[in-house]
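**Q** Build the 3D model from these lines:
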Amino acid sequence: MAAGAACGESVDQYRAEVERLTAELAEANREKIRAAECGLVVLEENQALKLKYADLETEQETLRKELEQLQEVGGGGVAIQMRI
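**A** The predicted structure is shown next:
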């Protein structure tokens, strides 16, 4: 009977270990999902910033050309204030 009791204890220990490992695996998977979601947010923000940067570069080029045209028309003797 002692062998049966020892066997039962080891089975219970294995079950407890399996439950613990299953819980750890589930937590690790949740952390990976959270990290992936954060990564997606960063990628979306990065894309939005790249688009904004491209828009600002285009606007800067347009303003630079307008300034050159105004300077040509003004003859250089006129002070031009520009808002950037």
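**Q** residue boundaries of the helices in the chain?
**A** 2-74 (DSSP state H).
**Q** pLDDT score for residue 69?
**A** For residue 69, the pLDDT comes out at 94.
**Q** Look up how far residue 40 lies from it.
**A** Between residue 69 and residue 40 the computed distance is 44 Å (CB to CB, to the nearest Å). Every C-beta, even on glycine, is put in place using the N, C-alpha and C of the backbone.
**Q** same question, residue 11
**A** 43 Å.
**Q** do the same with residue 18
**A** 33 Å.
**Q** Enumerate every residue touching residue 12.
**A** The contact partners of residue 12, by CB atoms under 8 Å, 6 or more residues apart in numbering, come to none.
**Q** what's the spacing between stretch 50-70 and its chain's center?
**A** How far stretch 50-70 lies from its chain's middle: 28 Å, per CA atoms, centre = their mean, to the nearest Å.
**Q** I'd like the distance between residue 16 and residue 63.
**A** 70 Å.
**Q** Likewise for residue 46?
**A** 26 Å.
**Q** of the two, who's got more company?
**A** Just comparing residue 46 and residue 63: by other CB atoms under 10 Å the higher neighbour count belongs to residue 63, 13 against 10.
**Q** Convert stretch 31-38 to CSV, retaining C-alpha atoms only.
**A** Taking Å, rounded to 0.1, in the frame of the first residue of the first chain, the C-alpha atoms of stretch 31-38 are listed here in CSV:
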residue,chain,number,x,y,z
GLU,A,31,2.5,39.2,-22.4
LYS,A,32,3.5,38.5,-26.0
ILE,A,33,0.1,39.6,-27.2
ARG,A,34,0.4,42.9,-25.2
ALA,A,35,3.9,43.4,-26.6
ALA,A,36,2.6,42.8,-30.2
GLU,A,37,-0.3,45.3,-29.7
CYS,A,38,2.2,47.9,-28.4
